[in-house]
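In: Pasted the sequence and its predicted model underneath.
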Amino acid sequence: MAECSVRNPSNDAPAPPRLAPCRHAVRSARRSWNGLLAAALSAVFAATPQVAAALTPGWCSSEALNESERVICASDVLGRLDHELNEVYAAATRAGEVPDQASWLAERNACGFDANCLGASYRTRIAELRDYAQAARAPDAGRGRSSGAGEISVAPLLRSGSSEPWLQRLEERLSEQSLGSRSEDAPAVQDDTSLGAALDGLRGLDALVPRPWCDAGRLNRTERTICENEGLSRLDALLEQVYGRARARDHDAEQIQWLRNQRDACGDDPLCIAFAYTKRIEELNAPLAQAAGRRHDINIPSGQFPPPGTCRLWFPDRPPGQQPPYSACDISVPPGAVLIRG
């Protein structure tokens, strides 16, 4: 669902058309759009509006915001990342002197209105600060050191300098983390931080974990690994939202081929499975992200805003006279529309 959270400028005096920044949020697979992701700012991460509202940066009230800051203040996801960065930065400064924050801010602001660039910039910086804080606390601990039985460090592979574009995107999204794999001798890692801060958005999918198909009588090695791993189960739940259903359609040769030749080829390797899911999610979500990006900024004439306490569906491809009337806010948002709050 895309949501434009803007106030009616004024009921007394005419005002020029305003840009209503749209917010994009993940909706449950059991709700509208066949469970497809409606988050435009990120292919795999999103925050609920309720959480994001509480994490809106305090500096958003300033009247002197640059292009990047305006995008951050209008985005649930970027607002949450800014909050997370502040927490990580504070922890890093307690551990010792950290790299210049002003230099990173200049790099971030160079993104301008590009929300994807801003998200990547935040996640990369968060990962850098986590690396620094961890190294300061334990200078003799190697990056790839396993933190426990049955636990595998993801960091060495993510920082291998691979030229694969999808792996570089994954590196931007995953910070220092580990994916636990359950065995008879080592229990599964159940810590909520096992997928790292960059995957916090997946915790909203816990209602879909464990996966319903895990009760099937015959599971292959990869399926068993997914069912025994909370992080991988969340990735499978997210793929369900993007794909539209938990199981591949019988006639969908492309999805079945991905399951057999890529995901299941990983066997019981959790890292390989995670990479396969991330790449597939981005492939399936790309058309949605592009479509949502095209309607990131929508011109809405000031006289068309709904009264306070009401909402209005707005179709960017329709003239004002053909837009739906005001209504309550608890309505489903059809594809191609955004929800304007009064």
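Out: Arrived safely, thanks for sending.
In: ranges for the helices of this structure?
Out: Here the chain has its helices, by DSSP state H, at 49-54, 67-74, 76-95, 101-109, 115-137, 155-158, 165-173, 221-227, 230-243, 253-258, 270-294.
In: Mean pLDDT lowest where, among those?
Out: Lowest mean pLDDT within these: helix 155-158, at a mean of 34.
In: now residue 119: how far from residue 208?
Out: 24 Å (C-beta to C-beta, to the nearest Å). (Glycine included, C-beta is placed from N, CA and C.)
In: The two - which one has more neighbours?
Out: Between residue 119 and residue 208, counting by other C-beta atoms under 10 Å, residue 119 is the more crowded of the two (24 against 20).
In: Would you confirm that the more buried one contacts residue 81?
Out: Yes - the criterion here is C-beta atoms under 8 Å, and residue 119 meets it with residue 81 at 6.6 Å.
In: Tell me how the protein divides into domains.
Out: What automatic domain parsing lists as the domains of the chain is 48-141, 148-295.
In: and residue 329, which of the helices of the chain is closest to it?
Out: helix 49-54 (11.1 Å; C-beta to C-beta).
In: Distance check, residue 316 against residue 302.
Out: 16 Å.
In: Residue 276 too?
Out: Relative to residue 302, and taking C-beta to C-beta, residue 276 is found at 48 Å.
In: More neighbours: which of these two?
Out: Neighbours were counted for residue 276 and for residue 302 using other C-beta under 10 Å; residue 276 has more, 22 against 15.
In: what residues are up against the more buried one?
Out: 258, 262-263, 266 (C-beta atoms under 8 Å, 6 or more residues apart in numbering).
In: Next: residue 88.
Out: Here residue 88 is in contact with 126, 129-130, 133, 197 (criterion: C-beta under 8 Å, 6+ apart).
In: which of those has the most neighbours?
Out: Among those, residue 129 has the most neighbours (other C-beta under 10 Å), with 24 neighbours.
In: I'd say that one and residue 92 touch.
Out: Yes - counting by C-beta under 8 Å, residue 129 touches residue 92, with 4.4 Å between them.
In: what sits in contact with each of these two?
Out: Taking C-beta under 8 Å, 6+ apart as the contact rule, residue 129 and residue 92 both touch residue 98.
In: Adding distance to residue 253, write the contacts of residue 88 out as TSV.
Out: Output for those, formatted as TSV (distance: C-beta to C-beta, whole Å):
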residue	distance to residue 253
126	39
129	44
130	41
133	47
197	37
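In: among these, which two are most distant?
Out: Checking the contacts of residue 88 with C-beta to C-beta, the most distant pair is 133 and 197, at 12.1 Å.
In: ok so, going back, of all the helices of the chain, which one is nearest residue 320?
Out: helix 270-294 (19.5 Å).
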